[in-house]
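Colleague: Need a 3D model of the sequence below.
(one chain, ligands or ions: 1)
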Amino acid sequence: MSFSSFSQASDLPAWKKLQELYDASGKNLSVKEQFQSDSDRFAKFSREFTNYDGSKILFDFSKNIVNDEILKLLIELAKEAKVESLRDALFAGEKINFTEGRAVFHPALRNQSNKVLKVDSQDVTPEVNRVLAHIKEFSEQVRSGAWTGYTGKRITDVVNIGIGGSDLGPVMVTEALKHYASPDLRVHFVSNIDGTHISETLRSLSQESTLFLIASKTFTTAETTTNANSAKKWFLEAAVDEKHIAKHFAALSTNAEEVAKFGIDTKNMFEFESWVGGRYSVWSAIGLSVVLYIGYDNFEKFLKGAEAMDKHFTEQPLEDNIPAIGGLLSVWYNNFFGAQTHLVAPFDQYLHRFPAYLQQLSMESNGKSVNRANEFVKYSTGTILFGEPATNSQHSFFQLVHQGTKLIPADFILAAKSHNPIQNNLHQRMLASNFFAQAEALMVGKTEEQVRAEGNPENIVPHKVFSGNRPTTSILAQEITPAALGALIVYYEHLTLTEGAVWNINSYDQFGVELGKVLAKSIGSQLDDAVAKVDNHDGSTNSLINQFKSWSA
Ligand code: F6P
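Modeller: Take a look at the predicted model:
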């Protein structure tokens, strides 16, 4: 593997130089002072992305704790860690997910320019396009009302049943692009095994006008198959005859055999391939709920925006490569400043599920502790990503971001143009003023002198001091359009790749979620007997299970 010729990233010369620089001056670098001494700082440390439709997104990295020397060394680190080789191997369809023997080829799903893209020497583009054509045809039928339910009524409600990547992407994107949605069709998402989720979702729906999308790459995920069976049962309570399932259930999956076993006509199956990881699957058939909601043309724009960011990532030198810079800054904070977390705060209500989506993308990808050389890593990997839309989050956890003891690098996201410019755009101006003010306050802080000058009593002064120098990346889009959202997601995908490449871990498997699944299965069978006491676990687990049995009887 040309992209993995080292073992521990901390042994790379650039890492060592970064450590020396951090110890000598980096840790005390004042961003405020850097702005005072360098009038070009904004221009130097911000990058503009131009989308396929000419729209722009500005990435302002200048409020990060970096200077020319640090950025230069971070780029050197990326080169030594062969970030570009891993990137090129991914885009060449190589099996970089070596623990599962799979290619990681989701960019092929947004190959709107129809390049020949091969896995195992076979061009995958015709098959991707065939599925897209099927999605287009089906979605147009449903949206126009030509596709009707078993009593001839048009479909008014779509319920996507899936979990993890088969849920988070479609939920986030449908919410983010609600402005573009058809008012005639509602979308619902059921993911949790908790019966409340499906019960509450179905409560207001009618069997005659509901379409279920069973979204599961494997079609064996317990939550999804159980929820799908409950949906089928609910549907048949009214429809009675199993032949009606064909009009009301479609499958989004790689597993035709299990789909057929479930009783879904494979004509209503929208396929994708094993080289699409769950957390990278919103671009695939898993995005069908998105297409139904916003229409195929808008979905195409979403794919094109994503493709434009792929192009940027593959073609731009590291110095100007926006996702690479984002990933390298993350390494800088994680591994040198000891930051454990990363905050993503969209100043945009439509993006309210974006942090949840990014949590799976980032934490399932890079929550690994063994490197590509099969050794435990000697440094921290992964980042605890969290977030909520602002301004709400300002009134909850931002206190800790401003004055807590921890360094929390943050991304703030804003669209210049609101889809809802109500009250003569007053709301938008207030939202934007918070976006600017928060980043500024986090950087500038407030000194003792300033607090004293405000006339505060001496014993209160330390409580009102803000250390400042808390890093933020401000991401300013022109508008949250399908194209802009596509590009924004891919920014984070490739930022995650960059981190994983430097850390020399496999960002594309997820064995960590397996153990819990296996144990839950075996405990599940013990719960089938409501009274028999269990004694084969540890003391705590035995007692909890037995108490549960007695209370739920
Ligand atoms: O929870 C782990 C996981 O494997 C995710 O990676 C995936 O997105 C999710 O389960 C759902 O899997 P599937 O689409 O196969 O049901």
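
Colleague: alpha carbons only for contacts and neighbour counts from here, please
Modeller: Will do.

Colleague: Roughly how far does the residue of the stretch 251-400 of the chain at minimum distance from the ligand sit from residue 104?
Modeller: Of all residues in the stretch 251-400 of the chain, residue 278 sits closest to the ligand, at 3.7 Å by Cα to the nearest ligand atom. Look at residue 278 and residue 104: by Cα to Cα, to the nearest Å, they are 11 Å apart.

Colleague: swap in residue 46?
Modeller: Using Cα to Cα, one gets 30 Å for the distance from residue 46 to residue 104.

Colleague: Same drill for these two, tell me which one is more crowded.
Modeller: Summary of the neighbour comparison: residue 46 and residue 104, criterion other Cα atoms under 10 Å, with residue 104 having more neighbours (25 against 18).

Colleague: Who are the contact partners of that one?
Modeller: Going by Cα atoms under 8 Å, 6 or more residues apart in numbering, residue 104 touches 90, 93, 94, 95, 96, 97, 275, 276, 277, 508.

Colleague: Taking the residues you listed together, which two end up most distant?
Modeller: Greatest spatial distance in those: 94 and 277, 14.2 Å, computed using Cα to Cα.

Colleague: helix, strand or coil for residue 385?
Modeller: Classification of residue 385 by DSSP: H, G, I helix; E, B strand; the rest coil places it in strand.

Colleague: Closest to the centroid, which residue in the protein?
Modeller: Most central residue of the chain, judged by C-alpha distance to the mean C-alpha position with Cα atoms, centre = their mean, is residue 358 at 2.7 Å.

Colleague: The stretch 151-300 of the chain: strands as residue ranges?
Modeller: Using DSSP state E, counting those that start in this stretch, the strands assigned to the stretch 151-300 of the chain run over residues 157-161, 186-190, 210-215, 249-253, 269-271.

Colleague: got these as CSV, with mean neighbour count, distance to residue 15 and mean pLDDT columns?
Modeller: Rendered in CSV, the data for these read as follows (neighbours: other Cα atoms under 10 Å; distance: least, Cα to Cα, whole Å; pLDDT from 0 to 100):
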stretch, mean neighbour count, distance to residue 15, mean pLDDT
strand 157-161, 25, 45, 98
strand 186-190, 20, 44, 98
strand 210-215, 26, 42, 98
strand 249-253, 26, 42, 98
strand 269-271, 24, 43, 97
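
Colleague: do you know which of those lies nearest residue 131?
Modeller: Residue 131 sits nearest to strand 269-271 of all the strands of the stretch 151-300 of the chain, at 6.4 Å, using Cα to Cα.

Colleague: Mind listing the strands that closest one pairs with, and their directions?
Modeller: For strand 269-271, the pairing partners within the sheet under DSSP bridges are strand 249-253 (parallel).

Colleague: Can you pull out the residues in contact with the strand it pairs with?
Modeller: Defining contact as Cα under 8 Å, 6+ apart, one finds that strand 249-253 is touched by 211-219, 259, 264-266, 268-272, 285-286, 288.

Colleague: among these, which are within reach of the ligand?
Modeller: Checked against the ligand using Cα under 6 Å from any ligand atom, those give the following subset in range: 216, 217, 218, 219.

Colleague: if we can go back for a sec, looking at the helix or strand encompassing the residue nearest to the centre of the chain now, give me its mean pLDDT.
Modeller: In this structure, residue 358 sits in helix 354-359 according to DSSP states H and E. With pLDDT averaged residue by residue, helix 354-359 scores 98.

Colleague: what's the overlap in contacts for residue 278 and residue 104?
Modeller: In the contact map built from Cα under 8 Å, 6+ apart, no residue is linked to both residue 278 and residue 104.

Colleague: can you map out the strands along the chain?
Modeller: Chain-ordered strands for the chain, with DSSP state E as the definition, fall at 46-50, 56-60, 118-119, 122-123, 157-161, 186-190, 210-215, 249-253, 269-271, 341-346, 384-386, 410-417, 472-479.

Colleague: What subset of the ones next to the ligand among the contacts of strand 249-253 is buried?
Modeller: A residue is treated as buried here by neighbour count (16 or more other Cα atoms under 10 Å); on that basis the buried members of these are 216, 217, 219.

Colleague: will you turn the contacts of residue 104 into TSV that also has pLDDT and neighbour count?
Modeller: Supplementary listing: the contacts of residue 104 in TSV, determined by pLDDT from 0 to 100; neighbours: other Cα atoms under 10 Å:
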residue	pLDDT	neighbour count
90	98	19
93	98	24
94	98	20
95	97	19
96	97	22
97	97	19
275	97	19
276	98	23
277	97	22
508	98	25
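
Colleague: Would you mind giving these as TSV with distance to residue 73 added?
Modeller: Supplementary listing: these in TSV, determined by distance: Cα to Cα, whole Å:
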residue	distance to residue 73
90	24
93	30
94	29
95	29
96	26
97	28
275	34
276	33
277	32
508	27
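
Colleague: What ranges in this protein fall below the confidence cut-off?
Modeller: For the chain, the stretches flagged by pLDDT under 70 are 1-4.

Colleague: rerun at 50
Modeller: For the chain, no stretch is flagged by pLDDT under 50.

Colleague: what does the stretch 51-200 of the chain have sitting close to the ligand?
Modeller: By the criterion of Cα under 6 Å from any ligand atom, the positions of the stretch 51-200 of the chain lying close to the ligand are 163, 164, 165, 166.

Colleague: Count the residues that sit near the third one.
Modeller: The burial metric for residue 165, expressed as a neighbour count using other Cα under 10 Å, is 22.

Colleague: rewinding a little: was I right to think the residue nearest to the centre of the chain contacts residue 383?
Modeller: No - with contact taken as Cα atoms under 8 Å, residue 358 and residue 383 are classed as non-touching, separated by 11.0 Å.

Colleague: and the residue of the stretch 401-550 of the chain nearest the ligand?
Modeller: Among residues of the stretch 401-550 of the chain, the one nearest the ligand by Cα to the nearest ligand atom turns out to be residue 513. It sits 5.5 Å away.

Colleague: burial count for that residue?
Modeller: Using other Cα under 10 Å, the number of residues around residue 513 comes to 10.

Colleague: and residue 311, how many neighbours?
Modeller: In terms of burial, residue 311 registers 14 neighbours under the definition other Cα under 10 Å.

Colleague: Output the strands of the stretch 151-300 of the chain as JSON lines; include the columns distance to residue 126.
Modeller: Converted to JSON lines, the strands of the stretch 151-300 of the chain look like this (distance: least, Cα to Cα, whole Å):
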{"stretch": "strand 157-161", "distance to residue 126": "26"}
{"stretch": "strand 186-190", "distance to residue 126": "29"}
{"stretch": "strand 210-215", "distance to residue 126": "22"}
{"stretch": "strand 249-253", "distance to residue 126": "18"}
{"stretch": "strand 269-271", "distance to residue 126": "13"}
